[in-house]
Structures are given as C-alpha cells and as structure tokens.
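# below is the sequence, then the predicted model.
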Amino acid sequence: MTERRPRSDDASAGRTTVERSTAESSTADPPGAESPTADRSDAGSPTADRSTADRPSNSDPWDRRLRFAVGLFLVGILADVATTYAAIAFGPFVEGSPVGRALIDRYGLVRGMIATKLAGMVLIALPVAIAKRNRTVVLTVMFGGVGALSLLAAVHNLVRILGAM
C-alpha cells in the first residue's frame, strides 16, 4: 500500500499509514452491513466524496476542439465533393492540386478526392506528431486543417461556377 500525502483538511495528517488503517478499521461498518461506498471503485481516493453532477462531463478543451474539427472536416468534405460535381456539370473541371489531379485520374472522382484528403491529413498531422504533441491535438489539427482546406476548395469551386475566375 502506498502512503498518501496528508491534505491540510485531513484529520489523519500526522498519523502513519498503520495508525490510519487502524483508525479507519475501528470506524468500519459491522460485518454484513453494506457500506455506501462499497460498490465504488474510487472509494479510497481523496476525491471520492466529490460530486460530478455539478461539473461538465467534458472539461478538456481539446475534446471540444476535436469535435468541432471533425464537424468542420465532414462539412468541408461534403461541400468539396458537392461543388466539384457541380463544377463538372457546368463545364470542364480542372483539379487545382497536381497530387489531387493524379489521384482523381487514377481512382476516379470520389475515391481520388478521398485519397487526396488522406494524403493531406498525413501531411498536416506529421509535423504536429513529430513535435511530440498528444494524440488529441494531432487529430484536432489534422481534421481541422483538412476540413478548412476542403471548405476553401469548395469556395474556389463555387467562384469558378459563378464565372468569377
């Protein structure tokens, strides 16, 4: 058993582990009685008595950012594919990216666009991962970056459809 550090409000601050365990066992419930914390896995932790009802379930800001980035990614992909189809319907379409052009020529429009997005995700995530960031940050930057670039591509396609370019 590891010894925990005493807190300032801890009644057992000056006692050793053996003294604490003896004092705690003397105040234990009688045999056969159900303890209110018997089924809790964190019953012995210093935060076991804290209620989680008043806290939001997700306190990590990177989790919220990741959800936003995935949403941006999905919207960007759908907008890019839709405007690409519309651009093809309105006239000759030329993919702006040479890598995207090669992948679309090789795999077809949708599979080529997905392959282009995957290549972009790798290129965006690699430097972030090399910088020793955690997975959530890498995923957030990867999805958000490709989603933003996809939205820009969709805007570019719309501008071309409208004849401004």
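In hand now; what should we look at? Residues are numbered from 1 along each chain as shown.
# please count neighbours and contacts with C-alpha atoms only from this point.
Will do.
# any idea which helix is longest in the protein?
Among all segments of the chain classified by DSSP state H, the helix with the greatest residue count is helix 61-90.
# ranges for the helices of the protein?
Secondary structure of the chain (DSSP H): helices at 17-26, 61-90, 98-107, 109-130, 135-161.
# out of those helices, which is the most enclosed?
With neighbours taken as mean count of other Cα atoms under 10 Å, the helices of the chain reach their highest mean count in helix 135-161, at a mean of 20.
# and the angle for it with helix 109-130?
Taking axes from the mean of the first three to the mean of the last three Cα atoms, to 10 degrees, one finds helix 135-161 and helix 109-130 inclined to each other by 140 degrees.
# for helix 135-161, packing partners?
Using 3 or more Cα pairs under 8 Å, 6 or more residues apart in numbering; DSSP states H and E as the contact criterion, the elements in contact with helix 135-161 are helix 61-90, helix 109-130.
# need the ones you listed in CSV (columns: distance to residue 148 and mean pLDDT).
Listed next are the helices and strands packed on helix 135-161 as CSV, based on distance: least, Cα to Cα, whole Å; pLDDT from 0 to 100:
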stretch, distance to residue 148, mean pLDDT
helix 61-90, 7, 90
helix 109-130, 11, 90
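# tell me which of the ones you listed lies nearest to residue 137.
With Cα to Cα as the measure, helix 61-90 is the member of the helices and strands packed on helix 135-161 nearest residue 137 (6.7 Å).
# using CSV, lay out the helices and strands packed on helix 135-161 together with distance to residue 100.
What follows is those, written out as CSV (distance: least, Cα to Cα, whole Å):
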stretch, distance to residue 100
helix 61-90, 12
helix 109-130, 5
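# nearest to residue 99, out of these?
Nearest of the helices and strands packed on helix 135-161 to residue 99, taken as Cα to Cα: helix 109-130 at 7.1 Å.
# that'll do, ta.
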